[in-house]
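Colleague: One predicted model, sequence on top.
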Amino acid sequence: MSTSAFADRDVRFGSGAIELAGVIAGELDARRVLLVRGKRSFTASGAHRLLPGLEQVAKVEQWSDFAPNTDAADLEVGLRLVERFDPDLILAVGGGSAMDMAKLLCAYRGTVDGEAVRERIRAGATVAQRSTRLVLAPTTSGSGAEATHFAVVYIGDQKFSIAGPEMLPDTVVLDPALTVSGSPYQRATSGIDAVAQAVESLWAKAATAQSRSFARAALRLLLPAIESFTTGPDLRSARAMSLGAHLAGRAIDLSKTTAAHAMSYGITKRHGLSHGHAVGVTLGSFMEVHADPGPGRLQAGLAPETHGAAMREILTAFGAADGAEARVRFVDLMRNLGLETSLDKAGADTREARESLAAGVNVERLGNNPVRFTTGELAQLLLDID
Ligand SMILES: [Zn+2]
């Protein structure tokens, strides 16, 4: 076990760390633990090994009956369960959805009426207090949700991001042994999500020296490991991916994501690609445009030298001399991971479908993307993909 790399956060990193759940619950004085977990992944990943130790110190209630892409209706069910069971600790063991759900349960505890829950989501107030202890243990590498102070929740088709300092957990359990049991597709798409987070964080307008240092470290871990982790994971590649995905999460916790992420939500909703896959389909094209955006397209206040340095760093990480080559390298990486890169094959096979995806992005809210895009420019970027 090592904790030194995480300085200001309590992260228990190492193979088998999940078996410390009971110890951690004890440290946090928990007596009643709501375990928010994936349906099948919990046992398949080996995470169920946490139960004997946890049940020695606390009464445990398990909840897994919620859909991926956290939504308000499921949240309402969970909030009623929290009201009834009255946990002092919520432990999430799963992917991004399970962790986001646990964060939201802590944030909105005490609100049980459906309309009141939706009102709070729409109001989007900063989450500045919580009375429940929160421990997050990812079983994928990764969404980075264990490292960020925000969570996504949908009301119908509408996406909301809820944020605040109290969305951060008390403790993270980062156990690479939990991440190897998913399908190759799951490992590939989660891994690409982490790579995209690191790349987007490096070029984000809101990047800081600290976020760049996290993003840089993330890419150095993720890129050499992602192919072997996808095709034949071992503990060595799992450790690199687990740590890399966590650091990518730390990076976007500071810098936030950019256009590739903004574009991905519509691709997921309309064409069913899983989150990381949907991000990856456009990331190579954004790399190419960002490497050489042309005059006057950088966001106001972003120095060309700052952007140039970030782009050189990204190109170097992919072993590319220019933006076009970076796109090719990234598309090749997707294909090596078994991920289809064609938007046609995803079902966005008409000009209208591409234009409608572009129109679904609110370009006013792309201020964190280093390069400005109009809706028409976004549509053109999509039309240039196969
Ligand atoms: Zn993501």
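Modeller: Yep, it's here.

Colleague: Every contact and neighbour count from this point should use C-alpha atoms.
Modeller: Will do.

Colleague: Restricting to C-alpha, output stretch 132-149 in CSV.
Modeller: Taking C-alpha atoms only, stretch 132-149 is exported to CSV below (Å, rounded to 0.1, in the frame of the first residue of the first chain):
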residue,chain,number,x,y,z
THR,A,132,-22.9,11.4,5.8
ARG,A,133,-19.4,9.9,5.4
LEU,A,134,-18.5,9.1,1.8
VAL,A,135,-16.1,6.4,0.5
LEU,A,136,-15.6,5.7,-3.2
ALA,A,137,-14.0,2.6,-4.7
PRO,A,138,-13.8,2.5,-8.5
THR,A,139,-14.1,-0.9,-10.2
THR,A,140,-13.1,0.6,-13.6
SER,A,141,-10.2,2.7,-14.8
GLY,A,142,-11.8,5.0,-15.2
SER,A,143,-14.3,7.7,-15.0
GLY,A,144,-12.2,9.5,-12.4
ALA,A,145,-15.4,10.1,-10.5
GLU,A,146,-13.7,9.2,-7.2
ALA,A,147,-11.4,12.2,-7.7
THR,A,148,-13.8,15.0,-8.8
HIS,A,149,-16.0,17.4,-6.9
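
Colleague: Mind checking the pLDDT average for it?
Modeller: Stretch 132-149 comes out with an average pLDDT of 96.

Colleague: ditto for stretch 75-84
Modeller: For stretch 75-84, the mean per-residue pLDDT is 98.

Colleague: cool, and stretch 104-117?
Modeller: Mean pLDDT, computed over stretch 104-117, is 96.

Colleague: buried ones in that stretch?
Modeller: Judged by neighbour count using 16 or more other C-alpha atoms under 10 Å, the buried positions of stretch 104-117 are 104-109, 111-112, 117.

Colleague: Contacts for that stretch next, please.
Modeller: Outside stretch 104-117, the residues within contact range by C-alpha atoms under 8 Å, 6 or more residues apart in numbering are 72-73, 75-76, 78-80, 82-83, 90, 127, 129-134, 151, 166-167.

Colleague: Mind doing that once more with 6 Å?
Modeller: Applying C-alpha atoms under 6 Å, 6 or more residues apart in numbering, the set of residues contacting stretch 104-117 from outside is 76, 79-80, 130, 132.

Colleague: any idea which helix is longest in the protein?
Modeller: The longest helix of the chain (DSSP state H) is helix 209-231.

Colleague: Now do the buried residues in stretch 128-135.
Modeller: Across stretch 128-135, burial judged by 16+ other C-alpha under 10 Å covers 130, 132-135.

Colleague: Please, where are all the helices along the stretch 151-300 of the chain?
Modeller: 184-203, 209-231, 235-255, 259-271, 275-291 (DSSP state H, counting those that start in this stretch).

Colleague: any idea how far the second one is from the chain center?
Modeller: To tie it back to what came earlier, the one meant is helix 209-231. Taking C-alpha atoms, centre = their mean, to the nearest Å, the mean C-alpha location of helix 209-231 is offset from the chain mean by 14 Å.

Colleague: again, but for the shortest one
Modeller: Taking the mean C-alpha point of helix 259-271 and that of its whole chain, the gap between them comes to 14 Å (C-alpha atoms, centre = their mean).

Colleague: and that helix, which residues are buried?
Modeller: Buried residues in helix 259-271 (16+ other C-alpha under 10 Å): 259-268, 271.

Colleague: thinking again about what came up before, wait, which of the buried residues of stretch 128-135 is closest to Val199?
Modeller: The nearest member of these to Val199, counting by C-alpha to C-alpha, is Val135 at 27.3 Å.

Colleague: so the helix or strand that closest one falls within versus helix 235-255, what angle?
Modeller: According to DSSP states H and E, Val135 maps onto strand 133-138. Following axes from the mean of the first three to the mean of the last three C-alpha atoms, to 10 degrees, one obtains 130 degrees for the angle between strand 133-138 and helix 235-255.

Colleague: neighbouring contacts of strand 133-138?
Modeller: 89-95, 146, 169-174.

Colleague: and that strand, how far from the chain's centre?
Modeller: Centroid separation for strand 133-138 versus its chain: 15 Å, with C-alpha atoms, centre = their mean.

Colleague: Can you give the strand pairings for it, parallel or anti for each?
Modeller: Applying DSSP bridges, strand 133-138 is found paired with strand 89-94 (parallel), strand 171-174 (parallel).
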